[in-house]
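> turn this into a structure:
(chains A and B)
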Amino acid sequence: MSQAHSQSSGAPILHGAGVLREVEPAVLPRPKLVENDRSFAWITDKVMGIIEGPTPRWWWWSMAVAVFVASFTVMGLAYLVSTGTGTWGLANPVNWGWAIVNFVFWIGIGHAGTLISAILCLLRQKWRTSVNRAAEAMTIFAVVCAGLFPVFHTGRVWFALYPGFLFPFPNSNGIWPNFHSPLEWDVFAISTYGTVSALFWYVGLLPDLATARDRFFVAGRMMRAKIYGFFAMGWRGSNRHWSNYEMAYLLLAGLSTPLVLSVHTIVSFDFAVSLVPGWHTTIFPPYFVAGAIFSGFGMVLTLMLPLRSIYRMNDLITQYHIDCMCKITLATGTMVGYAYAMEFFIAWYSANPFEGFAFINRAFGHYAWAYWTMISCNVITPQLFWFRKVRENTALVWVLSIFVNVGMWFERFVITVTSLARDFLPSSWGYYSPTVVDIFTYFGTFGVFSVLFLLFVRFVPLMAVAEIKAVTPQADAHAGHGHGEAHH
Amino acid sequence: MSKIFPKSANALPLQIVLFLAVAGTVATAAVTYWVTPKYTRVGYAPTQPVPFDHALHAGQLGINCVYCHTNVEKSEHSNVPSTSTCMACHSIIKKDSPLLAPVRASFETGAPVPWVRIHKAPDYVYFNHAVHVNRGVSCVECHGKVNEMQVVKHDQPQSMSWCLDCHRNPELRIRDSKDVYNLDSETLAAQGRLEEAIARVHDWKIKPPQSCSGCHR
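The predicted model follows:
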């Protein structure tokens, strides 16, 4: 490739006149993050146009469907609270069922947002700028959906808010939550996660909210100017504002980075700290984190690809962006596949008959259908992303991303239910099936999530306008010098 | 952006933070004071159908608690006496008092006097009177100085933390067996006999449960 390289291979010509005075490394073309040389104004108009324009018809239809679907969760939860937790399909020996499956599923989905906003920010992966806003919104809404399950599984939900039950506050019961329990660690992990994600999202929004405010003001739409202005908290884009903003953003990125790993680690402790065969394994934390990021990117793709096509944002979410996301999905999906294999290996290698049985039972027992659904969706599907042709077929990527979501739900189902249904005591073995209340509640969370996401799409700038401008070629002060980077 | 917001809006963030801080403090203080059993239960003294005077019966006359609440040593439930217990005396003493008309009516018809309940453990709490009094926990610990009450009132908060205060340190609350129904007596610890109390907790195997299922069965 490079001339310098070929000449340094020990040939005598090195000592002759043909030696290069300077080694010129090969210039690898960096993929453009905004295509077609779009101007700053075009980017602003494109993104702000979504919230400024009239509400599109598809939005109303989608909203109607989303609200309808969300009503299933409302019905399920109302029935649960009014009747009791017995309406869920939990019964000995399977006392953890769909509720925790759905909880882990939704929490996992959120992880892509945090990874994009925190780790990719620290690693200066500039392609994050056009997907981070939506991914962070997805994180927050996923945490909302996830939170419903642990809160409502208490039955009398108002107790969940009592001091001393979930959160450790002094109370007239004289008790504290059980700090030995990973479920209590979960309370801290998830609430920290929700708080930091919301803060991160909001801080990143400030410049764009100010842009919205100014544009509505110029357009004479004072009501909206005031609302966006209120949330923009007086952002004027001064140097001092930007300097504080960059620092705050960096600090939040630093704060969230451990969260990407810690939250799902602690969620995995819910299982791993117990002694149930199939749960009690040290591989769980990394395996869960990889799975979470895997499912999260699946969901990002599921959400962003339709938006990209509806709003014709191909110049902002380019094929390179899709490639990057597909590759992360591929990498994490492969890790998950490795973890599945390693679980089997350790079950055999440990020579623990209970452990061995748990895994044989997973693959060939009563829940084999769930296990093989999981394997086909999580292990086989992502491998298709090795192929450029697949990654370039947007419709196919979208379909595969749905498979990822399905597979990751089944993973949690397989882990939770198969181990409990066949525990140490054969006399108490059972088969778990969800009730219609379980199904309603879970089905409806997709509506809850969609309602929130649709509101986000309609009323919040979908992409970080200010940050996208910074990664355009014209923002590069050293453009034309080959490997220049934008500095401020 | 002074065209959208007045200058005073600059103070808004600080004002909001201050407001939330003050509102949070006030709400916490208000809940702590008004929404805990110390306030919601203590002092409850309903008007009873018969103005039975504990200060007279248990205090002045010195009738032992167990004379009327006969099952307290044997049962988890400390019973309110039946009308016949009242009539054991009141068929002779003050037998024509108009205040006792409901008692006489109850005696004739067999319908119990509709006493208004004052102390009620929630249905999810298992409480056993016998276990407590037989281990040296006096009535006064939970019910206050009933021997001085003309009208019985809810004397102690009887919140869970209040239960646990004693369950965690039983040696501070127990008495001599002979003092259990003597509401003017003092605990062993208050008499300076803490060593004795600790020995008693050990010898009598006083192991008040602190696990959830001890009381929430």
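> am I right that residue A:176 falls within a helix?
No - Residue A:176 is assigned coil when assessed by DSSP: H, G, I helix; E, B strand; the rest coil, not a helix.
> my read: residue A:173 touches residue B:162, true?
No - Residue A:173 is beyond contact range of residue B:162, at 9.6 Å (criterion: Cβ atoms under 8 Å). Bear in mind the C-beta positions are built from the backbone N, C-alpha and C, glycine included.
> need the pLDDT of residue A:200.
With respect to pLDDT, residue A:200 scores 92.
> that one: how many residues sit nearby?
26 (other Cβ atoms under 10 Å in any protein chain shown).
> what do you get for residue B:10?
12.
> what is the neighbour count of the closest residue to it other than its chain neighbours?
Nearest non-adjacent residue to residue B:10, counting by Cβ to Cβ, 6 or more residues apart in numbering or on different chains: residue A:234, 6.7 Å away. Neighbours of residue A:234 under the rule other Cβ under 10 Å: 16.
> residue A:234 against residue B:14, yeah?
No - judged on Cβ under 8 Å, residue A:234 makes no contact with residue B:14 at a distance of 11.8 Å.
> on that earlier part again, hang on, the residue nearest to residue B:10 in a strand?
No - the assignment for residue A:234, made by three-state DSSP, is coil rather than a strand.
> any idea how far it is from residue A:206?
Distance, residue A:234 to residue A:206, by Cβ to Cβ, to the nearest Å: 9 Å.
> low pLDDT regions in the chain?
Using chain A. Counting by pLDDT under 70, the ranges of chain A that qualify are A:1-18, A:478-488.
> was after chain B, sorry
Across chain B (using pLDDT under 70), the flagged ranges come out as B:1-2.
> so how many other residues sit close to the closest residue to chain A within it?
Nearest residue of chain B to chain A (Cβ to the nearest Cβ) works out as residue B:161 at 2.6 Å. Neighbour count of residue B:161, defined by other Cβ under 10 Å: 18.
> return the residues in contact with it.
Residue B:161 sits next to A:171-175 when contact means Cβ atoms under 8 Å, 6 or more residues apart in numbering or on different chains.
> how about residue 50, nearest residue that isn't a chain neighbour?
You didn't pick a chain, so chain A it is. Among residues not flanking residue A:50 along the chain, residue A:462 sits closest, at 5.7 Å (Cβ to Cβ, 6+ apart).
> that answer is for a different chain, and I need it for chain B
The shortest distance from residue B:50 to any non-neighbouring residue, by Cβ to Cβ, 6+ apart, is to residue B:102 (5.3 Å).
> count of residues packed around that neighbour?
15.
> quick one: contacts for it?
Counting by Cβ under 8 Å, 6+ apart, residue B:102 has contacts B:49-50, B:113.
> measure residue A:148 to chain B for me?
Distance of residue A:148 to chain B, computed by Cβ to the nearest Cβ, to the nearest Å: 25 Å.
> ok, now which ones touch the nearest residue to that residue once chain neighbours are set aside?
The shortest distance from residue A:148 to any non-neighbouring residue, by Cβ to Cβ, 6+ apart, is to residue A:445 (6.6 Å). Contacts for residue A:445 were tallied using Cβ under 8 Å, 6+ apart; they are A:73, A:102, A:106, A:145, A:148.
> out of the residues you listed, who has the most neighbours?
Using other Cβ under 10 Å as the neighbour criterion, residue A:106 leads the contacts of residue A:445 with 27 neighbours.
> can you tell me the helix or strand for that one?
Secondary structure assignment for residue A:106, by DSSP states H and E: helix A:98-114.
> could you dump that helix to CSV, C-alpha only?
This file holds the C-alpha atoms of helix A:98-114, laid out as CSV (Å, rounded to 0.1, in the frame of the first residue of the first chain):
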residue,chain,number,x,y,z
TRP,A,98,-42.4,-12.5,32.9
ALA,A,99,-42.1,-9.5,35.3
ILE,A,100,-38.3,-9.9,35.8
VAL,A,101,-37.9,-11.1,32.2
ASN,A,102,-39.5,-7.9,30.9
PHE,A,103,-37.6,-5.8,33.4
VAL,A,104,-34.2,-7.1,32.3
PHE,A,105,-35.3,-6.9,28.7
TRP,A,106,-36.1,-3.2,28.9
ILE,A,107,-33.2,-2.3,31.1
GLY,A,108,-30.9,-4.0,28.7
ILE,A,109,-32.3,-2.0,25.7
GLY,A,110,-31.3,1.2,27.5
HIS,A,111,-27.7,0.3,27.5
ALA,A,112,-27.0,1.2,23.9
GLY,A,113,-28.0,4.8,24.7
THR,A,114,-25.5,5.0,27.6
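> list the buried residues in whichever helix or strand comes after it.
Using DSSP H and E, the helix or strand that follows helix A:98-114 in sequence is helix A:120-122. Across helix A:120-122, burial judged by 16 or more other Cβ atoms under 10 Å in any protein chain shown covers A:120-121.
> just give the number of residues close to the residue of the stretch 1-150 of chain A found nearest chain B.
At 13.9 Å from chain B, residue A:84 is the closest residue in the stretch 1-150 of chain A, using Cβ to the nearest Cβ. Look at residue A:84: counted by other Cβ under 10 Å, it has 11 neighbours.
> test my guess that it contacts residue A:155.
Yes - if you go by Cβ under 8 Å, residue A:84 and residue A:155 touch, sitting 5.9 Å apart.
> domain ranges for chain B?
B:14-40, B:118-215 (automatic domain parsing).
> most tightly surrounded among those?
domain B:118-215 (a mean of 16; mean count of other Cβ atoms under 10 Å in any protein chain shown).
> apart from its neighbours in sequence, what residue is nearest the closest residue to chain B within the stretch 51-200 of chain A?
Among all residues of the stretch 51-200 of chain A, residue A:174 sits closest to chain B, at 2.6 Å; criterion: Cβ to the nearest Cβ. Of all residues not flanking residue A:174 in the chain, residue B:161 sits nearest, at 2.6 Å (Cβ to Cβ, 6+ apart).
> again with residue B:155
residue B:144 (2.6 Å).
> check contacts around the one you found.
Residues near residue B:144 by Cβ under 8 Å, 6+ apart: B:153, B:155-156.
> likewise residue A:94?
Residues near residue A:94 by Cβ under 8 Å, 6+ apart: A:417, A:420-421, A:430, A:432.
> repeat the analysis, applying 10 Å as the threshold.
Residues near residue A:94 by Cβ atoms under 10 Å, 6 or more residues apart in numbering or on different chains: A:416-423, A:428-433.
> which among the residues you listed end up buried?
Looking at the contacts of residue A:94 with 16+ other Cβ under 10 Å, the buried ones turn out to be A:416-423, A:429, A:432.
> nearest to residue A:279, of these?
Within the buried ones among the contacts of residue A:94, proximity to residue A:279 (Cβ to Cβ) peaks at residue A:419, which comes in at 5.4 Å.
> quick check, that closest one in contact with residue A:343.
No - with contact defined as Cβ atoms under 10 Å, residue A:419 does not reach residue A:343; the gap is 11.3 Å.
> find residues that contact each of those two.
Taking Cβ under 10 Å, 6+ apart as the contact rule, residue A:419 and residue A:343 both touch A:278, A:358-359, A:362.
> out of these, which is nearest to chain B?
residue A:278 (27.8 Å).
> got phi/psi on that closest one?
Backbone geometry at residue A:278, expressed as degrees, to the nearest 10, gives phi 90, psi -20.
> so who does it touch?
Residue A:278 makes contact with A:271, A:343, A:347, A:354-355, A:357-359, A:361-362, A:414-416, A:418-420, A:422-423 under the criterion Cβ under 10 Å, 6+ apart.
> run the last query once more with 8 Å
Residue A:278 touches A:355, A:358-359, A:362, A:415, A:418-419, counting by Cβ under 8 Å, 6+ apart.
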